[in-house]
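Colleague: Let me see the structure of the following:
(chains A and B)
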Number of protein chains: 2
Amino acid sequence: MKHISSRDNPQYKQLVRLAGGRRGEQIVLEGVHLCQEWLRHRGLPAFALFDLQRLERDPELAALAAALPSGIAVSCETTLARRLSQVQESQGVYFAAQAPQEPLPELITGTSLWLDRVQDPGNMGTLLRTAAAAGIGQAFLSPGCAGAWSPKVLRSAQGAHFAMRLYENADLAALHARLRVPLLATALDDAQSLYEQPLPRECAWLMGNEGQGVGSDLQRLADRRVFIPQAAGVESLNVAAAAAICLFEHRRQLLV
Amino acid sequence: MKHISSRDNPQYKQLVRLAGGRRGEQIVLEGVHLCQEWLRHRGLPAFALFDLQRLERDPELAALAAALPSGIAVSCETTLARRLSQVQESQGVYFAAQAPQEPLPELITGTSLWLDRVQDPGNMGTLLRTAAAAGIGQAFLSPGCAGAWSPKVLRSAQGAHFAMRLYENADLAALHARLRVPLLATALDDAQSLYEQPLPRECAWLMGNEGQGVGSDLQRLADRRVFIPQAAGVESLNVAAAAAICLFEHRRQLLV
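Modeller: Numbering: from 1, shown residues only, chains lettered A, B, ... in the order given. All right, here's what the predicted structure looks like:
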C-alpha cells in the first residue's frame, strides 16, 4: 500500500480541500460506517486514505482496506489523518468519491420530500435522517440547499443517504409537472391544520428555508397548505422539527 | 455612556470569556431580540455592551439602550463587538447577566420535558423550541446536558427560554418522587408504539442522550416506555426529531 507522509502530497491536499466543505462533483466520506455503506451501495471510491497506525490495530479498518483493489487504498501518518477529521476522534479512514448524480424520474410517484433552500447542513442532515426513518425513499433538493454530500450533512444524516435517492439542484417548480401525487406545503398563513383532514396516502412534502419558509411560487403549486397547530406567542418550529411532525403524522395515519 | 476601545478592558474580557461558552452562573446574550426578551422577562442585565456605530444609526438598539440605567450600558468599537459575535453578522448588542436559577417545584404537575444528558447544544435548543411550541411550560435538565443558557442553545431555542421555566442540573431520579403525572420515556426495546394507546392528558416526557438514549436507572422509573414506529433498516431518529413527534402526537390527541 502506498504511504503518504507529507502534507504536500496531491491526493492528501485534495482530501483537505474536500473536507473543507468544497462543493462540486467530488466528495469525501469520513469513518468506517459511512465508507462501508458507500462500498455496499455505491461501489469503489476514487481512492481511500487510511491512518496506518489505526489500520494496523483495528480489524474493521483492515477488512475495509482488504475489500479495496490495492491501487485505491493509501495509508498515511496519524497526524495527517487527524488533520482531516471533522470530529474530535478521527475514525482513521476517508474515501474520496464522485457525488452520485441520479437522472430525475420521468414521473414522481410514492411519497417524497421536497426541500426549498434549506441552508443549514445540520437541518438538512436531520431532515434526510427523519425522512428515511419515516420510510420515504426520495428527496428533491432545490438550488440553495446545503450540499447533500457535504461532511456535516453526511454526519447528521446517519446513513440516510444510502436509504434514499437524492436529487440535488432540482428545479422544484419544473418538477411539479412530473408529480403524480398531491403536493403538500407547510405554511403559516392561509393553511389548514395538519390534523384537520386525513392526509393523502402518498404525497410530496414540501418544506422551506429556515427564515422564509417555502417560496411563494412553490406555495402556489401546492395542492394543500398545512400548518402545525402550536402554542400561541412562541416562535415557529425549526424546519427539521416541523418535518418530523408532518412525516410521522402521515406515517401514523398509514399505520393505524 | 462609558466607551471601551481596548481589548484589555476587564468588562470586555469578561464578555469574551462568557461568549466562549464558559459555563457557570454568568451568561452572555447576543442580539436585539434576546436582549429585549431578557429585559421584559428577567429584568436588568449586569451590564450591556453596544457597538457604538450601530447604536448611532439603529433606532431599535437606541431604544434598548435608553431602557437601561446609564451605569449599565457601555459602548465599544465595532471591531471589539464583531470579535465577540457568534454569528456572521454581529447584531451590535450584548448583555452579561446571571443565569436564572429557579427553585425546584415541590410537586411537578402539568406536562414537562425531562432531558437526560442531551449533549449537543443544537439539539438542546431545538428541543426547548419544540417544547415551547407544543405548549410545555417546564423542562428539567440533568447534569451532563448542554448548558441551557450557552450562546448556541440560546440561538437555536429562538426565545423558548422566556416561554418556559428551565431547571438545570436537576437530579431526575430524585425529582421523580415529586412527579404527580405519569413519566413516559422513549426507548428502543421493551416499549410500546407511541400510537398504540391513548397518551395521558398530562405527563413528563423523558428523552435521552444522543448516543445512549435514556439511562437505564431512569428507564426503570418510567410508567410507560414508548417507541416511534419507523421504517426498518435505518438509524433511529435524532433526539430532537423524536421529541417533536412525541410532543406533537400528545398535542394532537389533546386537540382532536
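
Colleague: I'd guessed A:Asp116 sits against A:Leu218; true?
Modeller: Yes - the pair A:Asp116 / A:Leu218 is scored as a contact, 5.7 Å apart, by C-beta atoms under 8 Å. In this view, the C-beta of every residue, glycine as well, is placed from N, C-alpha and C.

Colleague: okay, and the common contacts of those two?
Modeller: Shared contacts of A:Asp116 and A:Leu218, defined by C-beta atoms under 8 Å, 6 or more residues apart in numbering or on different chains, comprise A:Leu172, A:Leu206, A:Gly208.

Colleague: Can you lay out these as JSON lines showing distance to A:Ala244?
Modeller: Converted to JSON lines, the shared contacts of A:Asp116 and A:Leu218 look like this (distance: C-beta to C-beta, whole Å):
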{"residue": "A:Leu172", "distance to A:Ala244": "21"}
{"residue": "A:Leu206", "distance to A:Ala244": "15"}
{"residue": "A:Gly208", "distance to A:Ala244": "15"}
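
Colleague: Chain B: which of these is nearest?
Modeller: A:Gly208 (16.3 Å; C-beta to the nearest C-beta).

Colleague: how about the residues of chain A near chain B?
Modeller: Proximity of chain A to chain B is confined to A:122, A:126, A:129-130, A:132-135, A:156, A:158-160, A:163, A:193, A:195, A:228-231, A:233-238, A:240-242, A:244-245, A:248-249, A:251-252, A:255-256 under the rule C-beta under 8 Å from any C-beta of the partner chain.

Colleague: same thing but 6 Å
Modeller: Taking C-beta under 6 Å from any C-beta of the partner chain, the part of chain A that reaches chain B is made up of A:122, A:126, A:129-130, A:132-133, A:135, A:158-159, A:163, A:195, A:230-231, A:234-235, A:237-238, A:241, A:244-245, A:248, A:252, A:256.

Colleague: Report the beta-bridge partners for A:Phe95.
Modeller: Beta-bridge partners of A:Phe95, counted by DSSP bridges, are A:Leu29, A:Ala48.

Colleague: Next one: it from chain B, what distance?
Modeller: Noted for A:Phe95: a distance of 19 Å to chain B, by C-beta to the nearest C-beta, to the nearest Å.

Colleague: Could you do A:Leu52 as well?
Modeller: In this structure, A:Leu52 lies at 28 Å from chain B, with C-beta to the nearest C-beta as the measure.

Colleague: The nearest residue to that residue once chain neighbours are set aside pairs with what?
Modeller: Spatial nearest neighbour of A:Leu52, chain neighbours left out: A:Ser75 (4.1 Å); criterion: C-beta to C-beta, 6 or more residues apart in numbering or on different chains. Counting by DSSP bridges, A:Ser75 forms beta bridges with A:His3, A:Phe50.

Colleague: confidence score at A:Ser75?
Modeller: For A:Ser75, the pLDDT comes out at 94.

Colleague: so who does it touch?
Modeller: A:Ser75 sits next to A:Met1, A:His3, A:Phe50, A:Leu52 when contact means C-beta atoms under 6 Å, 6 or more residues apart in numbering or on different chains.
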